[in-house]
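**Student:** need a 3D model of the sequence below.
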Amino acid sequence: MRRILVLAAVLVACMAAVAAPVQAAVTTRPIKVMPLGDSITWGVGSPSSSSYRAPLYNRLVAGAGYNVDFVGSQQSGTLPDTDNEGHSGWRIEQIAASVDGWLATYQPDVVLLHIGTNDMNQNYQVSTAPQRLGSLIDQILAARPTATVLVAKIVPALDATIQARIDTFNAAVPGLVGSRGPRVKLADLSTLAASDLNDTLHPNDAGYAKMAVRWYTALESVLGDGRDWPLLRAPFEAGDPAPTWLDSAGAAIGVGGYCCALTAMESSPRAEQARSGTSALMYSGNDTSATQSYSYQRIFAADLPLGASSTLSYWIYPQQATGTFVAVDLQFSDGSALRDSGAVDQYGVRAHPQFQGEGGHLVLNQWNLVRVGLGALAGRTVTRVDVGFDRPTGTGVFRGYVDDIAITDEGGAYPGANLTRGATVTGSAPCVAAEAAAKATDGVVTGNSKWCSGVAGATLQADLGAARTVRRFVVRHASSGGEAQALNTRAFTIQVSGDGATWTTAVTVTANTDGVTSHRITPVTARYVRLVVGAPTQTTDPATRIYELEIEGA
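**Tutor:** Numbers count the residues shown, from 1 in each chain. Reported below is the predicted structural model:
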């Protein structure tokens with residue numbers, strides 16, 4: 001699923017590894033992305049005129065950690081980077097008439113092309129639209145020989161006559177893309193529903209968010225350089241996306257309230273217990289039937305296409321044995337569900353609440369990691385994330401917490417758990433007391449939860465408590481927490497030690513601008529790990545800002 005696109009002078013190898021060289025890529029300049037098309041690219045239908053560009057920017061910058069620069073002659077929306085080439089009312093041939101100049105001026109590395117809606121709406125030379133689109137693609141490829149073009153199957157329309165034309169047009173797009181080589185890729189944006197449209201032609205913000213997911217998924221094969229590609233992160237902290245539903249059962253039978261005149265299962269964020277940060281999703285209920293009891297609580301609406309390396313992970317804290325019969329469940333667009341798919345966790349236990357309870361691996365009153373490979377379900381689309389209770393026998397009350405739900409396309413073999421959880425962390429003097437070293441290992445990137453130090457050559461050190469096998473480091477820099485990309489750490493090394501006295505350099509980075517950097521190394525045994533900062537920012541600002549240092553292994 002992952003292939004590296006070599007963008008001239010963009011991606012450079014920058015890691016010297018223990019025992020044998022291992023490559024890690026970071027960007028030395030922003031990756032230029034040109035959103036190209038009509039009023040849908042500009043953002044008509046969205047109150048903010050941000051189009052798909054705002055949620056896509058957030059996924060690329062804050063989620064995957066890339067240094068991205070949207071380019072174009074137009075500006076619209078409220079996102080940090082408003083540049084685009086969205087031209088209301090324009091057809092394919094109008095874009096073709098101007099595109100050479102735009103490409104010469106802005107020199108994009110990636111073009112996101114969504115065009116054809118106005119040809120269909122105006123009934124303009126509909127029969128030749130696919131050929132004209134093909135010519136436009138060829139024109140872009142000729143003008144930008146190093147760029148990749150993502151071509152959309154365009155979004156639907158509410159008018160049946162227009163939609164019939166769109167269906168015919170979209171049917172031709174995969175063939176156009178497939179015949180033009182590896183620099184042209186397909187993005188299927190035709191999957192929007194009627195509820196995702198603001199009017200006959202233009203998406204609403206929910207529709208634009210779905211478009212962003214589809215562009216983001218298609219970009220993985222273009223920008224993927226071995227790092228993880230997060231599709232969903234749900235740490236239930238302030239500033240993170242809130243659950244779509246609270247205390248809402250999609251289906252339930254034989255489950256009542258935990259206490260206090262409650263009549264149904266609960267499922268909502270609480271600040272009572274958390275694996276990281278200050279909040280987690282609390283679940284509670286009462287199994288009232290000894291023959292059939294279940295309640296599948298709706299948590300998040302979603303639109304997440306799964307790939308061959310997709311993985312579900314979450315942490316669960318059950319407080320009674322009955323509460324171990326709980327699992328995160330996924331609903332798919334074809335009507336199926338994860339619980340019935342046969343997928344298993346890291347112990348070989350089915351990803352079904354009943355089997356999780358019967359599996360014997362969930363320990364009471366502590367956080368347990370559950371990790372489920374979804375590769376066998378590649379091609380399905382997640383439409384909803386649930387937390388379900390399902391217990392066919394027995395009765396009794398149950399309560400617990402779920403935290404840090406994630407669906408991720410993983411960049412290579414699973415490197416192991418984050419060993420900084422429970423580690424003793426020290427560091428150079430913080431900028432303020434609230435930004436001490438421990439903030440860099442608390443699992444939180446929202447709410448300014450970071451280690452900041454103004455000390456030249458600042459260091460951050462973790463004592464893992466015992467010798468551990470270390471396989472990968474992930475560093476979340478300033479922009480992963482919402483700060484300016486110019487504040488991302490530019491140069492740093494990561495060192496390992498068995499005794500805290502003799503150190504070996506495992507990673508060297510000299511020209512980073514990304515918000516998230518991922519560094520696999522040949523597995524090494526170490527008890528101590530330290531990050532040493534050479535250049536704290538892209539500017540003269542002297543403060544180091546690290547939102548998370550993740551040390552992964554076993």
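**Student:** residue ranges of the helices in the stretch 151-300 of the chain, please?
**Tutor:** Secondary structure of the stretch 151-300 of the chain (DSSP state H, counting those that start in this stretch): helices at 160-178, 205-223.
**Student:** ok, now which ones touch the residue nearest to residue 515 when sequence neighbours are not counted?
**Tutor:** Nearest residue to residue 515, sequence neighbours excluded (CB to CB, 6 or more residues apart in numbering): residue 479, at 3.5 Å. C-beta: built from backbone N, CA, C; applies to glycine. Contact analysis of residue 479 by CB atoms under 8 Å, 6 or more residues apart in numbering lists 61, 62, 65, 67, 485, 487, 488, 514, 515.
**Student:** likewise residue 267?
**Tutor:** Per CB under 8 Å, 6+ apart, neighbours of residue 267: 243, 245, 246, 247, 248, 281, 282, 283, 297, 299, 387.
**Student:** of those residues, keep whichever come out buried.
**Tutor:** Those of these that meet the buried threshold are 243, 245, 247, 248, 281, 282, 283, 297, 299, 387, by 16 or more other CB atoms under 10 Å.
**Student:** now the fifth one. Nearest residue, chain neighbours left out?
**Tutor:** Put plainly, it is residue 281. Nearest one to residue 281, counting by CB to CB, 6+ apart, is residue 402 at 4.6 Å.
**Student:** now do the SS call for the one you found.
**Tutor:** Here residue 402 is recorded as strand under DSSP: H, G, I helix; E, B strand; the rest coil.
**Student:** beta partners for the most centrally placed residue in the chain?
**Tutor:** Compute the mean C-alpha point of the chain, and by CA atoms, centre = their mean the closest residue is residue 230, 2.7 Å away. Here residue 230 sits in beta bridges with residue 408, going by DSSP bridges.
**Student:** contacting residues for it?
**Tutor:** Counted by CB under 8 Å, 6+ apart, residue 230 has contacts 59, 63, 64, 406, 407, 408, 409.
**Student:** quick check: the gap between it and residue 549.
**Tutor:** 17 Å (CB to CB, to the nearest Å).
**Student:** what's the separation between residue 184 and residue 142?
**Tutor:** 12 Å.
**Student:** quick one: which of those two has more around it?
**Tutor:** It is residue 184, of residue 184 and residue 142, that has more neighbours when counted by other CB atoms under 10 Å, with 21 against 10.
**Student:** the more buried one contacts residue 149, doesn't it?
**Tutor:** Yes: counting by CB atoms under 8 Å, residue 184 does reach residue 149; the two are 5.1 Å apart.
**Student:** now for those two: what residues contact both?
**Tutor:** Counting by CB under 8 Å, 6+ apart, the contacts common to residue 184 and residue 149 are 137, 141.
**Student:** of the contacts of residue 230, which one scores lowest on pLDDT?
**Tutor:** Least confident entry in the contacts of residue 230, by pLDDT: residue 63, with 89.
**Student:** look up how far residue 445 lies from the nearest residue to it once chain neighbours are set aside.
**Tutor:** Spatial nearest neighbour of residue 63, chain neighbours left out: residue 230 (4.9 Å); criterion: CB to CB, 6+ apart. Distance, residue 230 to residue 445, by CB to CB: 11 Å.
**Student:** same question, residue 497
**Tutor:** Distance from residue 497 to residue 445, by CB to CB: 27 Å.
**Student:** those two: which is more packed in?
**Tutor:** Taking neighbours as other CB under 10 Å, residue 497 and residue 445 compare with residue 445 leading, 25 against 16.
**Student:** contacts only, for the more buried one.
**Tutor:** Counting by CB under 8 Å, 6+ apart, residue 445 makes contact with 476, 480, 481, 547, 548.
**Student:** again with residue 551
**Tutor:** Neighbour list for residue 551: 418, 419, 420, 423, 462, 464, 470, 473, 529 [criterion: CB under 8 Å, 6+ apart].
**Student:** again, only this time at 10 Å
**Tutor:** Listed by CB atoms under 10 Å, 6 or more residues apart in numbering, the contact partners of residue 551 are 415-421, 423, 441, 462, 464, 468, 470-474, 494, 496, 526, 529, 531.
**Student:** ok, it to residue 126 distance?
**Tutor:** 57 Å.
**Student:** all strands for the stretch 251-400 of the chain, in order.
**Tutor:** 255-256, 266-270, 280-287, 293-305, 310-318, 326-332, 368-373, 381-391, 396-409 (DSSP state E, counting those that start in this stretch).
**Student:** which other helices and strands contact the longest one?
**Tutor:** Using 3 or more CB pairs under 10 Å, 6 or more residues apart in numbering; DSSP states H and E as the contact criterion, the secondary-structure elements in contact with strand 396-409 are strand 229-234, strand 266-270, strand 280-287, strand 293-305, strand 310-318, strand 326-332, strand 368-373, strand 381-391.
**Student:** where are the low-confidence patches of the stretch 1-150 of the chain?
**Tutor:** 1-28 (pLDDT under 70).
**Student:** show me where it has helices.
**Tutor:** 39-42, 53-58, 92-106, 117-121, 129-143.
**Student:** between those helices, which one is nearest to residue 458?
**Tutor:** For residue 458, the closest of these is helix 53-58, at 28.1 Å, according to CB to CB.
**Student:** can you name every helix or strand that the closest one contacts?
**Tutor:** strand 31-37, strand 68-70, strand 83-86, helix 205-223.
**Student:** give the residue farthest from the middle of this protein.
**Tutor:** Going by CA atoms, centre = their mean, the residue of the chain most distant from its centre is residue 290, 40.4 Å out.
**Student:** now residue 490: phi and psi?
**Tutor:** As for residue 490, its main-chain torsions (degrees, to the nearest 10) stand at phi -90, psi -50.
**Student:** spatially nearest residue to it (excluding sequence neighbours)?
**Tutor:** Leaving aside its sequence neighbours, residue 490 sits nearest to residue 535 (CB to CB, 6+ apart; 3.9 Å).
**Student:** check residue 370 too.
**Tutor:** residue 345 (5.2 Å).
**Student:** identify the bridge partners of the one you found.
**Tutor:** residue 372.
**Student:** what about it, distance to residue 450?
**Tutor:** For residue 345, the distance to residue 450 - CB to CB - is 32 Å.
**Student:** next: residue 321.
**Tutor:** Distance of residue 321 to residue 450, computed by CB to CB: 39 Å.
**Student:** higher neighbour count, these two?
**Tutor:** Between residue 321 and residue 450, counted using other CB under 10 Å, residue 450 has the larger neighbour count: 26 against 13.
**Student:** now the helices and strands packed on strand 396-409 in TSV, with mean pLDDT and distance to residue 362?
**Tutor:** Compiled in TSV, the helices and strands packed on strand 396-409 are given as follows (pLDDT from 0 to 100; distance: least, CB to CB, whole Å):
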stretch	mean pLDDT	distance to residue 362
strand 229-234	94	19
strand 266-270	97	18
strand 280-287	98	13
strand 293-305	97	17
strand 310-318	97	6
strand 326-332	98	9
strand 368-373	96	5
strand 381-391	98	13
